[in-house]
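Trainee: Sequence and computational prediction follow.
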Number of protein chains: 2
Amino acid sequence: MINKNVNINGCESCAMKFDGFETLSDQQLNTFKLSHCKVEYNKGETIIKQGARCSNLVCIKSGYVKMHVEGLGGKSVIVKVLKPGDFIISPGIFDDNKNHFSASAITDVNTCLISIEAFSKVFHSNDHFAESILQHNHRLMQTLYHQLINLSHKKMTGRVADTLLYLSKEVYESNVFHTTLSRQDMADLSSVSKESFIRILKDFKDSGIILVDGNQFKIQALNSLQTISKVG
Amino acid sequence: MINKNVNINGCESCAMKFDGFETLSDQQLNTFKLSHCKVEYNKGETIIKQGARCSNLVCIKSGYVKMHVEGLGGKSVIVKVLKPGDFIISPGIFDDNKNHFSASAITDVNTCLISIEAFSKVFHSNDHFAESILQHNHRLMQTLYHQLINLSHKKMTGRVADTLLYLSKEVYESNVFHTTLSRQDMADLSSVSKESFIRILKDFKDSGIILVDGNQFKIQALNSLQTISKVG
DNA sequence: TAAAAAAACTGAGAAATATCAACTTTTATT
DNA sequence: AATAAAAGTTGATATTTCTCAGTTTTTTTA
């Protein structure tokens, strides 16, 4: 026995729950384990770079990550904020092997990187896993449809309201939250300029809809915010 | 033998090529054949309705289809124009079983509808098919990322130029084309108002970049159009 | 801890874009 | 063929949203 520790912190005993991974057999988990790297990223670091070859399935064990698409003139759109339990499959997998978006740490982040070879092997050997990967994709696509509607049919106020609701409900899961996203990030999530974002935030604050102190947020009038988001 | 014709027009002999279907065995094709309905839609008819239960994989054998997301106040965004050989998998499959977008015929359309049960059965029994379905999805997602950037970083002219290039390159595959999309449709594809779309079209025409006569288009200065699209 | 850099905020003005109303042309219907 | 309905077009106007420039606050670095 060369290494007694081979199973310590092995994937079977990983406390983290990733949706869809439940159907993996011990052997399949072992395939992941053999390929995996535990990597810690510091706040601000790039985890996935748009345009680069994609070589990993990135599983987030702790911390928060922004998933963004880099556009024209240094601008970018934030598509999603990922949290522990989320994982990222680049749409380049099974296609051109390039990343079509970037991902950056907005806090210190602990990840588990699984090689696409291992991912591919397991995808091909477990049809239930394949189904859950397709489902994972479909959900992301629903987010994108929602974002498209937001952008084209809503005015700035509606989009900013949406961002606040998204952060509160989906990301931080509380009506009081502290974010490490900058104002620019939140503006990119709402597709408005930073200045406009700040102004609208102030309006919401002045109307008593939210409470803001730096990066600390509290949603006070959920109904109002939901109405603004719906009406656009 | 009850029905001598059972194999006539069976899926093995279908002349239509759908990407990813090559890996299907005769038995798997038979699963599709058993479930399939050939349905002809008239121009203007709804093929897939957003919010309704999704019950089919829709394969387009002839004609053109617009895929659109219905948003607020009766507005909608056209995500893609589908042509013969394309097929539609609703993102609701393997998830909430609802359609998250609509699809409407913009010409008379011949379709082959395959039940999601049959689709699911084959997806689970052929890992190469599963891979190509995931790839199909990823490509659609790339379109969506592109659209997001278009919407948030480009001005109207850039978006309209993009729409013309898209129709010319991807849909009609010629620099001279006739479309059955209305001005409103093309505006929805560009996320601008119909009036703005018409105005920009006129500008392009006056600058000699394109030639327009009703629904007949000719791209005369491809370079200019590409520059406008890139610069935004 | 002082200086520098980055991020947050504010106001004014300019640019982009939508809306509305009228009008023309095309298409569909009786 | 006459009429109605829908789609396309145009101009004027109002709204939305961005950009720029300056200021303050916070964070980082030396």
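Mentor: Looks like it arrived, so ask away.
Trainee: ok, which residues in chain A are in contact with DNA strand D?
Mentor: Residues of chain A lying close to DNA strand D (C-beta under 7 Å from any atom of the strand) are A:155, A:156, A:157, A:191, A:192, A:193, A:195, A:196, A:214. Placement of C-beta: from N, CA and C, glycine included.
Trainee: buried set for the longest helix along chain A?
Mentor: Looking across chain A with DSSP state H, the single longest helix is helix A:127-153. In terms of neighbour count (16 or more other C-beta atoms under 10 Å in any protein chain shown), helix A:127-153 has its buried residues at A:127, A:129-142, A:144-145, A:147-153.
Trainee: what pairs with the most centrally placed residue in chain A across the strands?
Mentor: The centroid of chain A falls nearest to residue A:82 when counting by C-alpha atoms, centre = their mean (2.4 Å). On the basis of DSSP bridges, residue A:82 is bridged to residue A:65.
Trainee: Tell me how chain A divides into domains.
Mentor: A:4-150, A:154-231 (automatic domain parsing).
Trainee: quick one: which of these has the weakest pLDDT on average?
Mentor: Lowest mean pLDDT within the domains of chain A: domain A:4-150, at a mean of 91.
Trainee: Look up the closest residue to residue A:196, ignoring the ones flanking it.
Mentor: Once flanking residues are discounted, residue A:196 sits nearest to residue A:156: 5.6 Å by C-beta to C-beta, 6 or more residues apart in numbering or on different chains.
Trainee: returning to that earlier point: which of the residues of chain A next to DNA strand D has the largest number of neighbours?
Mentor: residue A:191 (23 neighbours; other C-beta atoms under 10 Å in any protein chain shown).
Trainee: how much space is there between it and residue B:66?
Mentor: 24 Å (C-beta to C-beta, to the nearest Å).
Trainee: now the helices for chain A?
Mentor: With DSSP H, the ranges of helices along chain A come out as A:26-35, A:116-125, A:127-153, A:156-166, A:183-190, A:194-206, A:222-231.
Trainee: Tally up the residues packed near residue A:223, please.
Mentor: What residue A:223 shows, counting by other C-beta under 10 Å, is a neighbour count of 8.
Trainee: looking at the helices of chain A, which is closest to residue A:98?
Mentor: Closest approach to residue A:98 among the helices of chain A (C-beta to C-beta): helix A:116-125, 12.0 Å.
Trainee: what's next to that closest one, contact-wise?
Mentor: For helix A:116-125, contacts defined as C-beta atoms under 8 Å, 6 or more residues apart in numbering or on different chains pick out A:24, A:28, A:31-32, A:34-36, A:54-57, A:89, A:93-94, A:97, A:129-130, A:133, B:127-128, B:130-131, B:134.
Trainee: hang on, the earlier thing: nearest to residue B:179, of the helices of chain A?
Mentor: helix A:127-153 (20.6 Å).
Trainee: Check which helices and strands that closest one sits against.
Mentor: strand A:76-82, helix A:116-125, helix A:156-166, strand B:65-70, strand B:76-82, helix B:116-125, helix B:127-153 (3 or more C-beta pairs under 8 Å, 6 or more residues apart in numbering or on different chains; DSSP states H and E).
Trainee: Let's have these in CSV, adding distance to residue B:171.
Mentor: Putting the helices and strands packed on helix A:127-153 into CSV (distance: least, C-beta to C-beta, whole Å) gives the following:
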stretch, distance to residue B:171
strand A:76-82, 25
helix A:116-125, 31
helix A:156-166, 30
strand B:65-70, 10
strand B:76-82, 5
helix B:116-125, 25
helix B:127-153, 12
